[in-house]
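> Sequence plus the predicted model coming up.
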Amino acid sequence: MGERVSVSGFKARLSEHLRRVQRGARLVITDHGVPIAEVAAYGSVSMGEDNEDRLVRDLAERGALRLPSRSGKLVPAKRRPRLEARLMSEAVVEDRGDDAVR
């Protein structure tokens, strides 16, 4: 990922942060601790990168998962699992159990 910087800290030291980005640093801008943007040098990020691949890469960088050890590449699934569509209220009732409905 990159170094985390708050929105206010980024605004206050914009020129300094942009110089660091030019030298190759990546910054994650946060709003009240929640990441909202990533700043990287122009051309350093693949604009065609699939969101799922980026999510997996970010999780691996944080140590939340390990990539396959043989090739180090992600192999897309042949087909995606089908998810059953249902109302959120049905899921809540099911999660609470029958006693909570009364």
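Thanks, I have it.
> which regions of the chain sit below the pLDDT cut-off?
Applying pLDDT under 70 to the chain flags the ranges 1, 45-50, 69-85, 98-102.
> For it, which segments count as strands?
For the chain, the strands defined by DSSP state E occupy 3-6, 27-31, 34-39.
> Could you export these to CSV, including columns for distance to residue 21?
Just so you know, the C-beta spots here come from the backbone N, C-alpha and C atoms, and that holds for glycine as well. Converted to CSV, the strands of the chain look like this (distance: least, C-beta to C-beta, whole Å):
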stretch, distance to residue 21
strand 3-6, 10
strand 27-31, 6
strand 34-39, 6
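> Tell me which of the ones you listed is the most buried.
Sort those by mean neighbour count, taking mean count of other C-beta atoms under 10 Å, and strand 27-31 sits at the top with a mean of 16.
> And that one, what does it pack against?
Under the contact criterion of 3 or more C-beta pairs under 8 Å, 6 or more residues apart in numbering; DSSP states H and E, strand 27-31 touches strand 3-6, helix 7-12, helix 14-22, strand 34-39.
> and of these, who's closest to residue 54?
strand 34-39 (9.7 Å; C-beta to C-beta).
> The closest one to helix 14-22, inter-axis angle?
With axes from the mean of the first three to the mean of the last three C-alpha atoms, to 10 degrees applied, the angle from strand 34-39 to helix 14-22 works out at 70 degrees.
> and the angle from strand 34-39 to strand 27-31?
Using the same axes, to 10 degrees: strand 34-39 against strand 27-31 is 150 degrees.
> and residue 42, how far is that from residue 24?
In this view, residue 42 and residue 24 are 12 Å apart by C-beta to C-beta, to the nearest Å.
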